[in-house]
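[1] below are the sequence and a predicted model for it; my questions follow.
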Amino acid sequence: MAALEWSDEFSVGIDLIDKQHKLLIRAINLLAMAVEHNSSRDIMKEIFRTLRDYTDTHFAYEELLFDRFGYPDSVKHKLQHKNLLGQVIDLEQRWLAGDAEIGSEVLTFLVEWLRNHILGSDKAYSAFLITALKNG
Amino acid sequence: MTEAPKPSRPVFACRFVGPDDEDPRNSILFWEPKTIQEWVASLNRCNEIVESHLDDLERSIAPIKRL
Ligand SMILES: [Fe+2]
Ligand SMILES: [Fe+2]
C-alpha cells in the first residue's frame, strides 16, 4: 500500500515542480514497498540514497527560481530545506549504523516531512512564482 | 594518439549524473541554468533520469513475473 498518494491539494500550480514532488512521493512509496517485500539491505540503501539525493536536487531547482525572481521568503525557505535535508541524512545515517529500523514510524515521519513542507512552505510561494514565471 | 583529458565539469544540481557522464542529452545538467528555458530543460532531463532510476528500483523490489 502506498504510504502517500498524490492529490491536487499538493499542487503548487507549476507542473515541473509538481512533477518533482510526485517523484519524491514515489521514492517514499518505494521505501514502503521495499519494507513490505522484505527487500535486501542493498535495495533499501539505494532507495534511501535516491530519496536523499533527489531531495537535494529538488531543493536546488526550487532555490534557483527563488534567486532568479527574488522570492521574499527565500532565506527562511532555504533554511527549512537545509534542515529537511539534514533530517533525511540523519535518518539514513542512523539506519546505516543500525540505530533505526525502517518501519511504520520512519515512514510516517517521511510522509509528514514531505507533506508538511509542500502544504506549508511550498504552497506559500505558489502565487508569487506563478506570476513571476508568467511575466518572464 | 592519446586523447586529451576530459575537463572535469561541475554538475549543477542533478545528483544522478556523475562528472564523467558522456551522454550528450545530459550536457545541460553540467551548468547552472541561466534562463527559465534552461531551467525547464535541465529539470525535465533530470526528472527523466530519476524516473527511469525509480522504475529500475521498483523492478528490483518486485520483479515482473514472466510466464
Ligand atoms: Fe518542494
Ligand atoms: Fe521547498
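    Received the coordinates, thanks. Ligands and ions are numbered 1, 2, ... in the order given.

[2] what is the neighbour count of residue 32?
    Using chain A here. By other Cβ atoms under 10 Å in any protein chain shown, 20 other residues sit near residue A:32. All C-beta spots, glycine's among them, are computed from the backbone N, C-alpha and C.

[3] the intended chain is chain B.
    13.

[4] residues touching the most centrally placed residue in chain B, list them.
    Centroid check for chain B by Cα atoms, centre = their mean gives residue B:17 as the closest residue, at 4.2 Å. Residues near residue B:17 by Cβ atoms under 8 Å, 6 or more residues apart in numbering or on different chains: B:11, B:26, B:29-30, B:46, B:49.

[5] let's see if you can find the most crowded of those.
    In those, the most neighbours by other Cβ under 10 Å go to residue B:46, 27 neighbours.

[6] right, and it touches residue B:21 too?
    No - applying Cβ atoms under 8 Å, one finds residue B:46 not in contact with residue B:21, separated by 11.9 Å.

[7] name the residues contacting each of these two.
    Here residue B:46 and residue B:21 have residue B:29 as joint contacts, going by Cβ under 8 Å, 6+ apart.

[8] so where's chain B shaky on pLDDT?
    For chain B, the stretches flagged by pLDDT under 70 are B:1-10, B:64-67.

[9] at 80 what do you get?
    Within chain B, the stretches with pLDDT under 80 are B:1-11, B:63-67.

[10] now do the residue of it found nearest ligand 2 against residue B:43, distance only.
    Nearest residue of chain B to ligand 2, counting by Cβ to the ion: residue B:13, 13.7 Å away. Distance, residue B:13 to residue B:43, using Cβ to Cβ, to the nearest Å: 9 Å.

[11] ok, now residue A:78?
    Using Cβ to Cβ, which is the criterion applied here, residue A:78 is 18 Å from residue B:43.

[12] before we move on, what SS does residue 53 have?
    As the question left the chain open, I've gone with chain A. helix (DSSP: H, G, I helix; E, B strand; the rest coil).

[13] return the residues in contact with it.
    Contacts of residue A:53 by Cβ under 8 Å, 6+ apart are B:15-16.

[14] and what of the one 5 residues further on?
    When contacts are counted by Cβ under 8 Å, 6+ apart, residue A:58 is found next to A:20-21, A:23-24.

[15] turn those into JSON lines, including distance to residue A:122 and secondary structure.
    JSON lines is the format used below for the contacts of residue A:58 (distance: Cβ to Cβ, whole Å; DSSP: H, G, I helix; E, B strand; the rest coil):
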{"residue": "A:20", "distance to residue A:122": "10", "secondary structure": "helix"}
{"residue": "A:21", "distance to residue A:122": "8", "secondary structure": "helix"}
{"residue": "A:23", "distance to residue A:122": "14", "secondary structure": "helix"}
{"residue": "A:24", "distance to residue A:122": "11", "secondary structure": "helix"}
